[in-house]
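**Student:** Predicted model follows, preceded by the sequence.
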Amino acid sequence: MYLNKAFIYGNLTRDPEMRALPSGQNVANFSIATNRVYKDRDGAKKEQTEFHNIVAFGRTADLIGQYMKKGRPIFVEGRIQTRTWESEGKKNYRTEIVVENFQFGPGGGGGGGGVRGDDHEQKAPADSGDSIQYPDEEINPEDIPF
């Protein structure tokens with residue numbers, strides 16, 4: 001069995017670029033930055049940033065294009081693919097993650113809702129003004145009916 005799966009959580013480096021394929025299906029292209037903090041040999045704290053090319057299709061592309069903007073966090077699950085093409089006699093390569101599932105990060109689309117790439121229902125994120133209201137008093141475990 002083979003496995004091609006990537007999980008990325010980071011911030012968009014630019015607004016998603018929307019376009020349509022000849023078939024009419026929408027495509028969103030964007031980039032996500034992820035940071036890694038580590039200590040070097042001398043014990044000094046270092047930070048390294050990686051940039052990931054992301055592509056989404058169909059309803060997933062529509063939702064990302066509508067709700068996501070530069071700087072907002074997003075969690076993406078997908079597969080890694082490398083495309084090749086020739087331009088002016090030079091072979092070009094682009095490695096990208098094709099979105100299969102995603103979830104808006106805090107403030108990214110409101111309620112932190114996610115969407116599977118193969119979902120056909122429209123799922124818009126909840127209004128970001130909604131929040132959970134917790135009771136002020138202590139909860140007694142014996143009062144819970146299950």
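**Tutor:** Nice, I can see it.
**Student:** could you measure Arg79 against Thr13, distance?
**Tutor:** Going from Arg79 to Thr13 by Cβ to Cβ, to the nearest Å gives 21 Å. (Glycine included, C-beta is placed from N, CA and C.)
**Student:** in which helix or strand would I find Ala61?
**Tutor:** In the assignment (DSSP states H and E), Ala61 maps to helix 58-67.
**Student:** Quick check: what element follows that helix along the chain?
**Tutor:** The element immediately downstream of helix 58-67 (helix or strand, assigned by DSSP H and E) is strand 73-87.
**Student:** which of the residues in that next one are buried?
**Tutor:** The neighbour-count criterion (16 or more other Cβ atoms under 10 Å) identifies Pro73, Ile74, Phe75, Val76, Glu77, Gly78 as the buried residues of strand 73-87.
**Student:** Tyr38 touches Lys46, doesn't it?
**Tutor:** Yes - taking contacts as Cβ atoms under 8 Å, Tyr38 lies within contact range of Lys46: 5.6 Å.
**Student:** For Ser31, give the beta-bridge partners.
**Tutor:** When bridges are taken as DSSP bridges, the partners of Ser31 come out as Asn53.
**Student:** Tell me the secondary structure at Asp42.
**Tutor:** Of the three states, Asp42 takes coil under DSSP: H, G, I helix; E, B strand; the rest coil.
**Student:** gap between it and Gln48?
**Tutor:** 16 Å.
**Student:** Who has more neighbours out of these two?
**Tutor:** Using other Cβ atoms under 10 Å as the criterion, Asp42 and Gln48 rank with Gln48 on top: 9 against 6.
**Student:** Direction-wise, compare the helix or strand containing the more buried one with strand 73-87 and give the angle.
**Tutor:** Element membership for Gln48 (DSSP H and E) is strand 45-57. If you take axes from the mean of the first three to the mean of the last three Cα atoms, to 10 degrees, strand 45-57 sits at 70 degrees to strand 73-87.
**Student:** number of nearby residues for the residue nearest to Glu86 when sequence neighbours are not counted?
**Tutor:** Among residues not flanking Glu86 along the chain, Asn92 sits closest, at 7.1 Å (Cβ to Cβ, 6 or more residues apart in numbering). Counted with other Cβ under 10 Å, residues neighbouring Asn92 total 10.
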